[in-house]
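K.L.:
Build me a model:
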Amino acid sequence: MQRSLVLIKPDALERGLAGAIISRLEKTGLKLVAAKMLHLDKTLAQRHYAVHKDKPFFESLVGYITSAPIIALVFEGDKAVELIRKTMGPTDPSKAEAGTIRGDFGLDIEHNSVHGSDSTETATEEIRLFFNEAEIFA
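P.N.:
Sure thing, here's the model as predicted:
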């Protein structure tokens, strides 16, 4: 049984897309086991995106993700990471197929509506940043 973190980003919340995104993820058969709405501070955002700290877009990404509230979610199920990545589509919405979250809702590579863990190892680390075990309901 795998778990994966999903973040519904500011652009999706501002456009009222949270319910549609959660619904699409639940339709994969995965179980929603944790959820919270929060406004990321710069420190948490930098820790979450630390893998990109040496890339030119890092500061812009941190600025964007901290600009407005997000929803953090944990989904659980067989092949959770793979299913979520497939449902989200590629990071760049212009390369995402219609029917994927990013293909249908993403505006551009930064404002792509959703983040999902890219591996089971990353998922474990990311989930720990946003949730403690008492906040996850299996």
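
K.L.:
Quick check: nearest residue in space to Leu7, chain neighbours excluded?
P.N.:
Excluding its sequence neighbours, the residue lying closest to Leu7 (CB to CB, 6 or more residues apart in numbering) is His115, at 4.0 Å. C-betas here are computed from N, CA, C, even on glycine.

K.L.:
I'd guess that neighbour is in a strand, am I close?
P.N.:
Yes. Judged by DSSP: H, G, I helix; E, B strand; the rest coil, His115 forms part of a strand.

K.L.:
For burial, what's the neighbour tally of it?
P.N.:
20 (other CB atoms under 10 Å).

K.L.:
same question, Thr120
P.N.:
Neighbour count for Thr120, taken as other CB under 10 Å: 14.

K.L.:
pretty sure it contacts Val81?
P.N.:
Yes. Between Thr120 and Val81 there is a contact at 5.7 Å, judged by CB atoms under 8 Å.

K.L.:
rewinding a little: contact partners for the residue nearest to Leu7?
P.N.:
5-7, 9 (CB atoms under 8 Å, 6 or more residues apart in numbering).
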